[in-house]
Structure formats: structure tokens, C-alpha cells
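any chance you can model this:
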Amino acid sequence: MTTVEANGVALGVEHFGDAAAPLVLLAGGTTMLSWPDALCEALARGGRHVVRYDLRDCGASATIDPEAPTYTLRDLAADAAALARELDDRPAHLAGIGVGGIVAQVAALDHPNAFSALTLAGTRPVAPGRPDDDLPDHDATTMDRLFSRPMPDWSDRTAVAEYAAGGAEILGDDPAVARATAERIWDRTPSTEPAVQLANQMGMVFSKLDCKPRWRKRLPELAIPALVVHGRRDPFFPVGNGEALAREIPGARLLVLERGATAIPDAAAAEVAAAMLEL
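As a prediction, this is how the structure comes out:
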């Protein structure tokens, strides 16, 4: 773990593999721990320098005011491009998961010379909020169950971890993995203030960002190899969102994880890594 100054902001990063190898930059969704260790290690074994990083207001990256962020989606995209250039003078393979996938799409469009390939996992081609009419929205029943639960005491590590495990069970992810990840996130979160914990555990700061202008119509401009990874059982961003991304990005490959939901299961890490290494 270390901190790198990029685009005028401190970003928390973690390295895997040989720093001289081609760079794979993993944008967190919103913390770097959205990317499982097993996947990072598999990519490193495949001869890549893997760097996963926290978005602003999360983890080891700069935390200022998650309740009223002054930056935009475009700033987060510029962070990714600046970090890639800071880490390597060659274009990087950029990957984003969840809201990190939204950042990655805009980064690849706005900064095409910074990136050589693009992987998008469990994400969609539009900003938070109501999706386009042709895209499936969050599963309503699942969202009712997920967000009707009372918030935990964010100063209580055990309560936060149990809340995460319960959410994972609702979403179809592994509760034990989610509990352990939440504990790791809690341990590295700089404050127990509710807004800071929400930003780290649930990425709620992202809903407050200015995500305009729209970028979906620009997806056909992408001229780099692309991989779209999506869980068949994802109720948050249903698989139709990944299918739309794969249709609209020229030459993109779609990899559907039949047993996957919102997270990349450790059991699928080797398959996902192999597909990424082919780009």
C-alpha cells in the first residue's frame, strides 16, 4: 500500500507483480477491495503489473467531504488517466467495477491516449439514477429488501461487517467474503463518521456527483480492445446492462459469469484474469 499524487489529489494504491511489466490499473468501486485479491494475483502471475486504487473520499485516497463533493465524474476519470501516466509511460489496461466501471468508460473516452485496453465489470453505460428505457433497472424487490434495513452503528466494526454480510446475501453474493471485505474496509477507513463510512462501504458519495454530460452515445468511439464481465444473477445492474455495453463498444467481448451476482467470485478469478490477459 502506498499513496500516489495524480491530478492534484492523493490516491491510495496497492501493487501486485513486477513494476516493469505492462500495467493493469483497477479502479475501485469505490474502494480498491472491490477487486478480489485472487484476481489481482492471477493477473500478476500472468505477467502484469497490477495496481488497484481507491476513488476519492475512500480508503487511503484523499477524504475531504463525502456529503458535498466538489469534484465530478470527469475529475474521477482524469484521476485514472493521470495515475496511469504517473505509474508507467506506456498506455495502461484500465478496468473498472461497479461505479468504477462508469469512471473507466469516461476515462477511456476522455483520455484515449492513456489506455490500451478496457475491462468493465458489473456496470452500466449510464449514470446513477433512472436508466435509459432500453436498460434494465435495479431489481425492485431486491432493492426494497436491501435498503429497508436499518443502518448499522458505523463506529461498530462487527455491526458494519454483519450489515455487509446481510446485504451480500440479499444480492446473491457470498456473505462470508462480504463480511471479511467489510472488516478490511472498516480497518482502513480514516474515520467512523457516517458519511465517510457510507462512502467506503456503500459508495453513496457517487450519487452526489455531477455525471453530465452523458457518454453512452460516445461508446462507439472506443478504439481499444474491450472486455465486459457481468454476473448472470446481478440484481443491482442486471445483465442486460453488460449486454448493452458489449453491443455498443466496437469489438467488445462479453463474459457472463453464470453463478456471479454483483461481485467477482474467487472461483471465477482465473477465468476473468485469462480473459483480461487476452486483451
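
just the CA coordinates for the helix or strand containing residue 169, please, in CSV.
Taking DSSP states H and E as the criterion, residue 169 maps to helix 157-171. What follows is helix 157-171, C-alpha atoms only, in CSV (Å, rounded to 0.1, in the frame of the first residue of the first chain):
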residue,chain,number,x,y,z
ARG,A,157,-16.8,-2.8,13.2
THR,A,158,-18.8,-6.0,13.9
ALA,A,159,-22.2,-4.3,13.2
VAL,A,160,-20.8,-2.9,9.9
ALA,A,161,-19.5,-6.3,8.8
GLU,A,162,-22.8,-8.0,9.6
TYR,A,163,-24.7,-5.4,7.7
ALA,A,164,-22.4,-6.0,4.7
ALA,A,165,-22.9,-9.8,5.0
GLY,A,166,-26.7,-9.4,5.1
GLY,A,167,-26.6,-7.2,2.0
ALA,A,168,-24.5,-9.7,0.2
GLU,A,169,-26.9,-12.5,0.9
ILE,A,170,-29.8,-10.3,-0.5
LEU,A,171,-27.7,-9.5,-3.6
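
which secondary structure elements does that helix contact?
Under the contact criterion of 3 or more Cβ pairs under 8 Å, 6 or more residues apart in numbering; DSSP states H and E, helix 157-171 touches helix 140-147, helix 175-188, helix 194-201. Every C-beta, even on glycine, is put in place using the N, C-alpha and C of the backbone.

and the first one, average pLDDT?
Confidence over helix 140-147 (mean pLDDT, whole number) is 97.

ok, residue 263 to residue 126 distance?
Shown here: residue 263 relative to residue 126, a distance of 21 Å by Cβ to Cβ, to the nearest Å.

comparing the two, which residue is more hemmed in?
residue 263 (26 against 18; other Cβ atoms under 10 Å).

ok, the more buried one touching residue 176?
No - between residue 263 and residue 176 there is no contact under Cβ atoms under 8 Å: 11.9 Å.

what is the neighbour count of the residue nearest to residue 9 when sequence neighbours are not counted?
Spatial nearest neighbour of residue 9, excluding adjacent residues (Cβ to Cβ, 6 or more residues apart in numbering): residue 62 at 5.0 Å. Counted by other Cβ under 10 Å, the residues lying close to residue 62 total 18.

before we move on, back to that, distance between the helix holding residue 169 and the chain's centre?
With Cα atoms, centre = their mean, to the nearest Å as the basis, helix 157-171 stands 19 Å off its chain's centre.

just stretch 269-279 next, same as before
Distance of stretch 269-279 from its chain centroid, counting by Cα atoms, centre = their mean, is 17 Å.

now the helix holding residue 169: buried residues?
By neighbour count on 16 or more other Cβ atoms under 10 Å, the buried set for helix 157-171 is 157, 160, 161, 162, 163, 164, 165, 166, 167, 168, 170, 171.

ok, now stretch 221-229?
Under 16+ other Cβ under 10 Å, the buried positions of stretch 221-229 are 222, 224, 225, 226, 227, 228, 229.

quick one on the thing from earlier: could I get the buried residues of helix 157-171 as TSV with distance to residue 271 and pLDDT?
Below are those laid out as TSV (distance: Cβ to Cβ, whole Å; pLDDT from 0 to 100):
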residue	distance to residue 271	pLDDT
157	33	97
160	31	97
161	28	98
162	30	98
163	30	98
164	25	98
165	25	98
166	28	98
167	25	98
168	21	98
170	25	98
171	20	98
